[in-house]
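Asks: quick one, what's the 3D model for this:
(one chain, ligands or ions: 1)
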Amino acid sequence: MTICSAPGKVYLFGEHAVVYGEPAVPCAIDRRATVEVTPREDDHIRVTAEDLSLDGFTVEYTGETGGDAVDLDVSQSLVEAAMAYIDAAVQQARAAADAPNAGFDIRVDSEIPLGAGLGSSAAVTVAGIDAATRALGEPLDRRQIADRAYRAEFDVQDGQASRADTFCSAMGGAVRVEDDSCEPIDCPPLPLTVGFDGGAGDTGELVSGVRRLRSEYDFAEDTLRAIGDVVREGEQIMRETVEGSQLTAAGQRELGRLMNFNHGLLSAVGVSARSLDQMVWAAREAGAHGAKLTGAGGGGCVVALGESAQTRTALEYTPGCHRAFTTEVASDGVRPQESDSWPHHETRLTLTRVRCQS
Ligand code: PMV
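Replies: Sure, this is the predicted structure:
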């Protein structure tokens, strides 16, 4: 049995604009997905998943996608999507290890809400590929895992995937993504608070909406370019206002200001939501240096920068906020775990599917 875990992420800057060749800076957070893989004698894939959403839900079924009807308190499409990423990760691991008929028992545990802009699918895919290739005796390095995970996401998302989530989850820390170029960058410790509205945006639809707007209005194109300028400015702050390894107080304030700016520009291209705006304002009013939505938007999460206890409390009392947690930049990317290190928490989700290789 092999266990690997990989972190989720927030975008400090640059989502959506990254689709048009602007840079983006996501950073890994200390919420992880853990995948355990045990090779089987046959070519079957058996998946058990626990706590795929922060809220949790319980379902047990067997059969192919779209098979047995199940009663869920999150949408069936989110569960199917989660399973599609696991299937795609298995295909990538089989290809990498040149073992097209390898079968596995797979167990997944994730602390990252599904589809909420925190990179849950990337974390599961990255950890799955690492665990499966190790189990087959063909371990990959982090960049190879990131590349395989990107291809898996690309397949599942019909080509609508950037390398940002998967690269960040594989490498940890903060990364810079621009077109096909991805590099880790130095990142000082940042106190972050995440607010989650309990929902999820439809990434494909939101990306298409921005694309339509951009083709219709020159100023929408300018807005996306301006997001690129904000990202470049933010990178400079992270590089230049550091004393020792810490961002100065002035640097934190400036970075927060840029996050506010970034949120405004994302709102302008129509990807915010009332719940996200409410959380962003609550965090700012509680003293955060800045706050913005993270990921595709439309619902899901915001990230705030600044002293966290007050921000978290303010978020928890905000209508529209379902849950809030403090976090920090996780320097560890994907990594193997000890065999007795399975995360221990109340299990509210059991999702079992037995699937034969087609
Ligand atoms: O919601 P997420 O974490 O999958 O982020 C989507 C980010 C976009 O820039 C909107 C799309 C992409 O693939 O980069």
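
Asks: got the residues of the stretch 1-150 of the chain near the ligand?
Replies: For the stretch 1-150 of the chain, the residues in contact with the ligand under the definition C-beta under 6 Å from any ligand atom are 15-16, 18-19, 117, 119. Placement of C-beta: from N, CA and C, glycine included.

Asks: make it 8 Å
Replies: With C-beta under 8 Å from any ligand atom as the criterion, the stretch 1-150 of the chain comes near the ligand at residues 9, 11, 14-19, 24, 115-119, 121-122.

Asks: tell me, what's the model's pLDDT at the residue in the stretch 151-300 of the chain positioned nearest to the ligand?
Replies: The nearest approach of the stretch 151-300 of the chain to the ligand comes at residue 295, 2.8 Å away (C-beta to the nearest ligand atom). In this model, residue 295 is scored at 94, pLDDT.

Asks: contacting residues for the nearest residue to it once chain neighbours are set aside?
Replies: Closest residue to residue 295 apart from its sequence neighbours, by C-beta to C-beta, 6 or more residues apart in numbering: residue 117 at 2.1 Å. Residues in contact with residue 117 (C-beta atoms under 8 Å, 6 or more residues apart in numbering) are 10-11, 15, 201, 293-297, 300-301.

Asks: cutoff 6 Å now
Replies: By C-beta atoms under 6 Å, 6 or more residues apart in numbering, the contact list for residue 117 reads 294-295, 300-301.

Asks: so it sits in a helix?
Replies: No: looking at residue 117 with DSSP: H, G, I helix; E, B strand; the rest coil, it is coil, so not inside a helix.

Asks: tell me which residues in the host helix or strand of residue 237 are buried?
Replies: According to DSSP states H and E, residue 237 maps onto helix 218-240. Across helix 218-240, burial judged by 16 or more other C-beta atoms under 10 Å covers 220, 223-224, 226-228, 230-231, 233-235, 237-238.

Asks: how far out from the middle of the chain is it?
Replies: Centroid separation for helix 218-240 versus its chain: 21 Å, with C-alpha atoms, centre = their mean, to the nearest Å.

Asks: return it as CSV; C-alpha atoms alone will do.
Replies: Output of helix 218-240 as CSV, limited to C-alpha atoms (Å, rounded to 0.1, in the frame of the first residue of the first chain):
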residue,chain,number,x,y,z
ASP,A,218,-12.3,45.9,-25.7
PHE,A,219,-12.6,47.2,-22.2
ALA,A,220,-13.1,43.6,-21.0
GLU,A,221,-9.9,42.6,-22.7
ASP,A,222,-8.2,45.6,-21.1
THR,A,223,-9.6,44.5,-17.7
LEU,A,224,-8.0,41.1,-18.1
ARG,A,225,-4.7,42.7,-19.1
ALA,A,226,-5.0,44.9,-16.0
ILE,A,227,-5.2,41.8,-13.9
GLY,A,228,-1.9,40.8,-15.4
ASP,A,229,-0.5,44.2,-14.3
VAL,A,230,-1.8,43.6,-10.8
VAL,A,231,0.0,40.2,-10.7
ARG,A,232,3.3,41.6,-11.9
GLU,A,233,3.0,44.3,-9.2
GLY,A,234,2.2,41.7,-6.6
GLU,A,235,5.2,39.6,-7.5
GLN,A,236,7.4,42.6,-7.1
ILE,A,237,6.0,43.3,-3.6
MET,A,238,6.7,39.7,-2.6
ARG,A,239,10.2,39.9,-3.9
GLU,A,240,11.2,43.4,-2.7
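
Asks: by contact count, what packs against that helix?
Replies: Helix 218-240 sits against strand 2-13, helix 203-216, helix 249-268, with contacts defined as 3 or more C-beta pairs under 6 Å, 6 or more residues apart in numbering; DSSP states H and E.

Asks: does the ligand sit close to the last one?
Replies: Put plainly, it is helix 249-268. No: taking C-beta under 8 Å from any ligand atom as the criterion, helix 249-268 and the ligand are apart, separated by no less than 9.3 Å.

Asks: okay, angle between the helix or strand just after that helix and helix 249-268 too, please.
Replies: Counting by DSSP H and E, the element after helix 249-268 in chain order, helix or strand, is helix 274-285. Counting by axes from the mean of the first three to the mean of the last three C-alpha atoms, to 10 degrees, helix 274-285 lies at 160 degrees to helix 249-268.

Asks: and helix 274-285, which residues are buried?
Replies: By neighbour count with 16+ other C-beta under 10 Å, helix 274-285 contains the buried residues 275-280, 282-284.

Asks: which non-adjacent residue is nearest the residue of the chain most remote from its centre?
Replies: No residue in the chain sits farther from the centre than residue 41, which is 32.9 Å out by C-alpha atoms, centre = their mean. With sequence-adjacent residues excluded and distances taken as C-beta to C-beta, 6+ apart, residue 41 is closest to residue 103, at 7.3 Å.
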